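> using only what follows, build the 3D model:
(one chain, ligands or ions: 1)
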Amino acid sequence: MSTSQFDYTAAFARNIGWVTQSEQSILRSKRVAIAGLGGVGGSHLLTLTRLGIGAFTVADFDTFELANFNRQAGATLSNLGRNKTDALLEQALDINPELDLNVFPDGVHDHNATDFLAEADLYLDSLDFFALQARQTMFANCARLDIPAVTAAPMGMGVALLNFLPGGMSFEEYFQLTGHDEEEQLLRFLLGLSPAMLQGTYLVDPTAVRLAEHKGPSTPMACDLCAGVAGTQVLKILLGRGKVISAPRGLHFDAYKNRLVQTWRPGGNRNPLQQLGLKIARRRFSQRLTPLSASEPVKSRDSVGRQILEIARWAPSGDNCQPWRFEITDDNHVVIHGNDTRDHCVYDLRGHASQLSQGILLETIAIAASGHGLQAHILARPGQPDTNPVFDVEFKKNPDIKPDPLLPHVSRRMVQRRPMSTRPINNRERQLLEASVGSDSRVIWLENFRDRLRVARLLSRNGGLRLTLPEAFKTHSSIIQWDSDQSEDRIPAKAVGLDPVTTHLMRWAMGSWNRVNFLNRYMAGTLIPRIELDFLTGIACASHFIIMAKEPARTLDDFVAAGRSVQRFWLTCTRLGLQLQPEMTPLIFHSYVRNNIEFSSNLRSQKLAKKLASQLEDIAAPEKIEHAVFMGRIGSGPTPTARSVRLPLDQLILRN
Ligand SMILES: Cc1cc2nc3c(=O)[nH]c(=O)nc-3n(C[C@H](O)[C@H](O)[C@H](O)COP(=O)(O)O)c2cc1C
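The predicted model follows:
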């Protein structure tokens with residue numbers, strides 16, 4: 001169809017009813033300035049074009065890339081690498097070829113702000129969240145030129161709206177950004193935009209918020225909601241219709257929370273409520289503001305070996321001890337130097353937990369290498385002691401190697417220690433999980449209520465043993481990081497799964513063995529943690545599972561091979577959106593008992609372990625337990641909000 005067939009009145013006739021004919025003509029005569037055609041700007045442009053706005057001034061210096069696909073109008077394969085302004089104006093002109101367009105392909109800056117706003121009837125803010133300097137410039141110029149300014153910000157799965165109208169409270173009066181460093185400005189902007197912080201409760205993976213890297217998660221729904229809300233403000237302001245709220249009042253609609261809140265913060269960020277919110281936010285976000293080395297993006301200029309290890313270091317290990325260090329010899333060869341914690345950790349019986357972890361790491365390396373079309377050839381170096389195994393990994397190009405579908409899930413995989421949904425796993429999930437461990441392993445499921453109850457009882461007794469075992473005290477008190485929701489080399493307290501009160505009590509108790517002993521003896525100290533961490537979670541899951549090796553695992557190679565299966569199983573869970581928690585300690589105590597290894601100076605603990613071993617054999621037959629290499633529970637439900645991260649790669653790499 002050619003542009004000659006276009007007819008403005010016919011094209012936008014269906015607006016009539018909600019606007020009158022004469023209002024439609026007014027909209028046709030208006031110019032809206034939109035700075036930024038990214039997440040929300042592109043949607044704004046297309047929505048307002050369909051509303052019949054006749055003229056736009058737009059600015060953006062960016063080009064489309066893959067990372068824009070989840071939310072940005074115009075982000076398509078055919079537009080990859082194209083200027084956002086070119087691609088979006090083409091779409092807008094395809095809707096209304098009569099548009100009057102002014103384009104600023106280098107973006108907005110101090111020197112062109114006045115020109116950009118010249119002739120504009122309204123300014124619609126769509127700059128990148130982190131472009132605070134340009135945003136301040138634009139709003140200051142709008143205030144100076146008496147141009148109404150609208151900002152609708154995508155927040156989680158909702159939208160937060162603020163209008164700044166001529167003669168009203170200004171952007172700077174509301175946000176109070178001047179004179180603060182970038183970190184503080186970002187917090188002030190975030191909290192000023194959404195004082196109600198409705199989105200704050202459902203952020204399932206906090207590691208995705210990387211303010212220091214100017215990165216944060218986003219959703220397409222929020223961007224579309226923004227266009228709808230902002231479009232309505234544009235209509236009301238330009239037509240002088242309806243009640244228009246403006247700063248210090250704002251609107252926050254959250255589709256996920258089913259909530260709409262009208263916010264009112266007289267004084268803006270100076271308001272005592274905001275000050276309090278800022279105080280809390282500073283504490284909560286302090287870790288996200290300093291670059292999280294653990295989540296540093298892979299840089300393409302890094303060597304391939306480094307890029308692979310950057311991903312592989314996300315492999316899990318017992319207590320997050322990361323029993324490995326790396327050596328990069330050349331682009332095709334890395335060396336893994338293993339170690340174990342058997343001399344001080346009662347759970348690392350004969351170093352088996354560390355060896356499993358090393359298997360998990362090696363599988364992760366192979367998965368990461370597949371992303372480069374490389375096959376990882378792994379060889380355990382002969383003659384090394386089991387306490388310090390060495391693995392040579394050589395990468396070879398192989399045209400048959402395609403990126404492993406588990407690759408995107410490596411850094412997303414984590415432990416969920418809180419209750420999960422009891423929705424049973426379905427047949428597809430079961431098939432994929434059973435296939436994931438390979439032909440040398442098998443999975444047994446303990447999933448009906450009776451089985452889960454039996455395992456919950458087992459875990460509860462197991463918890464009693466762990467918490468009263470003098471040899472475990474040192475391990476427990478050294479592996480928990482109390483004051484953070486992320487930890488590089490330990491487990492953050494919040495990821496343990498206790499409620500805040502019990503967490504505080506535990507923190508106090510962990511100060512000395514005498515305190516633990518006192519609590520255990522006189523205050524039934526193990527009761528609440530056992531109920532909360534072991535019994536309830538033992539029931540609240542879809543199923544417990546035991547991964548069994550074809551032959552009982554005895555050697556380093558056996559445990560490494562088992563670890564490789566475990567990692568494929570765990571990553572498949574993540575891929576399926578399922579949560580997992582290992583439950584390894586009953587297997588470990590069982591092994592101590594069946595191998596007649598004295599693991600404690602405390603006779604009561606030894607006896608308890610014997611009962612535990614028999615209880616486990618009642619649940620799964622002794623011949624099955626003999627083959628067991630990994631045990632845990634899985635289920636659907638939310639991702640944890642606190643997690644162990646990892647040591648930065650540079651700390652894991654051995655230097656001469
Ligand atoms: C071999 C092995 C044994 C583990 N045993 C347990 C366990 O018994 N209970 C538990 O809650 N987590 C266990 N974990 C989970 C680790 O503590 C966890 O993977 C580590 O802290 C890293 O955290 P992330 O998996 O959330 O990244 C185990 C992990 C591995 C690899």
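
> tell me the pLDDT of residue 533.
Residue 533 is assigned a predicted lDDT (pLDDT) of 85.

> now residue 309
You'll see residue 309 listed with a pLDDT of 96.

> so how far is the helix or strand harbouring it off the chain centroid?
In the assignment (DSSP states H and E), residue 309 maps to helix 304-312. Computed by C-alpha atoms, centre = their mean, to the nearest Å, the chain-centroid distance of helix 304-312 equals 20 Å.

> please report how far residue 356 lies from residue 67.
Residue 356 is 35 Å from residue 67, where distance means C-beta to C-beta, to the nearest Å. Glycine gets a C-beta too; all of them are placed from N, C-alpha and C.

> around the ligand, pick out the residues from the stretch 501-650 of the chain.
For the stretch 501-650 of the chain, the residues in contact with the ligand (C-beta under 6 Å from any ligand atom) are 581-585, 643-644.

> among these, which are in helices?
When these are checked against helices (DSSP state H), the matches are residue 585.

> just the residues of the stretch 501-650 of the chain next to the ligand: which has the poorest pLDDT?
residue 643 (88).

> show me what that one is bridged to.
residue 486 (DSSP bridges).

> that one: how many residues sit nearby?
Burial of residue 643, expressed as a neighbour count using other C-beta atoms under 10 Å, amounts to 22.

> that one and residue 414 touch, don't they?
Yes: applying C-beta atoms under 8 Å as the test, residue 643 and residue 414 come out as touching, 4.6 Å apart.

> which residues outside the least confident helix or strand in the chain by mean pLDDT are in contact with it?
Every helix and strand in the chain was compared by mean pLDDT, DSSP states H and E; the lowest is helix 272-289, with a mean of 76. Outside of helix 272-289, the residues that reach it under the criterion C-beta atoms under 8 Å, 6 or more residues apart in numbering are 183-184, 186-188, 190-192, 195, 197, 206, 209-212, 265, 267-269, 484-486.

> so which of those reach the ligand?
With respect to the ligand, and counting by C-beta under 6 Å from any ligand atom, no part of those is in contact.

> sitting in strands, which of the residues you listed do you find?
Under the assignment DSSP state E, these contribute residue 486 to strands.

> let's see the ChimeraX selection covering just the buried ones among the contacts of helix 272-289.
Isolation of the buried members of the contacts of helix 272-289 (16 or more other C-beta atoms under 10 Å) is achieved in ChimeraX through the command below:
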select :183,186,187,188,190,191,192,195,197,206,209,210,211,212,265,268,269,484,485,486
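
> the ligand versus the residue most central in space within the chain, what's the distance?
Here the mean C-alpha position of the chain is nearest to the C-alpha of residue 205 (C-alpha atoms, centre = their mean), at a distance of 2.6 Å. Residue 205 sits at a distance of 11 Å from the ligand (criterion: C-beta to the nearest ligand atom, to the nearest Å).

> confidence score at the closest residue to that residue other than its chain neighbours?
Setting aside the residues directly before and after it, residue 205 is nearest to residue 639 in space (C-beta to C-beta, 6 or more residues apart in numbering), at 5.5 Å. The predicted local distance difference test score for residue 639 is 84.

> just residue 213 next, same as before
With respect to pLDDT, residue 213 scores 72.

> can you count the residues close to it?
14.

> what's the distance between it and residue 207?
Distance from residue 213 to residue 207, counting by C-beta to C-beta: 11 Å.

> next helix or strand past the helix holding residue 309?
Past helix 304-312, further along toward the C-terminus, the next helix or strand under DSSP H and E is strand 324-330.

> could you check the angle helix 304-312 makes with that next one?
Between strand 324-330 and helix 304-312, the angle formed by their directions is 160 degrees, by axes from the mean of the first three to the mean of the last three C-alpha atoms, to 10 degrees.

> for strand 324-330, name the packing helices and strands.
Where contact means 3 or more C-beta pairs under 8 Å, 6 or more residues apart in numbering; DSSP states H and E, strand 324-330 is packed against helix 304-312, strand 333-338, helix 352-370, helix 649-652.
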